[in-house]
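# build the 3D model from these lines:
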Amino acid sequence: MKIDAELYRAAFKQYAEWNKTKMLDRAYLASKLTPQELWQTYVGMWKFASKLSPTGASEQQQKRKVADIEFYYQRIQQFEAWRRQHGTGT
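Numbering: from 1, shown residues only. From the prediction side, this is the model:
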């Protein structure tokens with residue numbers, strides 16, 4: 001499917017103008033809001049974002065993390081045994 005380049009450019013230009021207007025509007029409103037209103041806006045966004053995020057690691061993720069940690073310590077023990085055997089002090 002071929003994209004109409006002229007239409008794409010026009011749409012992109014309109015989006016850029018809309019985005020610029022939106023940013024100017026945000027800057028204008030930010031200077032008009034009190035610190036308390038800004039804080040309430042931040043808290044509202046945080047609550048919304050926390051509802052979307054997962055509550056924690058799944059059981060499979062927890063098992064994988066424990067397995068990774070056990071593997072890491074096993075490799076450290078092997079390294080320490082090799083270091084003691086070869087007598088390096090680092």
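
# what's the helix or strand for residue 63?
Assigned by DSSP states H and E, residue 63 belongs to helix 59-86.

# just the buried residues of that helix, please?
Within helix 59-86, no residue is scored as buried using 16 or more other CB atoms under 10 Å. All C-beta spots, glycine's among them, are computed from the backbone N, C-alpha and C.

# so for it, mean pLDDT?
Helix 59-86 comes out with an average pLDDT of 90.

# let me know the pLDDT of the residue nearest the centre of the chain.
The centre of the chain sits closest to residue 53, judged by CA atoms, centre = their mean, with a distance of 10.7 Å. Residue 53 is assigned a pLDDT of 72 by the prediction.

# kindly report the same for the one 3 residues further on.
On the pLDDT scale, residue 56 is placed at 71.

# in terms of helices and strands, where is it?
Using DSSP H and E, no helix or strand contains residue 56.

# tally of neighbours for it?
Other residues lying near residue 56 total 7 when counted by other CB atoms under 10 Å.

# tell me how far it lies from residue 65.
12 Å (CB to CB, to the nearest Å).

# and residue 6, by the same measure?
53 Å.

# kindly report the same for residue 22.
Distance from residue 22 to residue 65, by CB to CB: 41 Å.

# domain map for the protein?
Listed domain ranges for the chain are 1-53, 57-90 (source: automatic domain parsing).

# residue 49: what secondary structure?
helix (DSSP: H, G, I helix; E, B strand; the rest coil).

# pull the number of nearby residues for it.
Around residue 49 there are 9 residues (other CB under 10 Å).

# how about the contacts made by it?
For residue 49, the contact set (CB atoms under 8 Å, 6 or more residues apart in numbering) is empty.

# per-residue confidence at it?
81.
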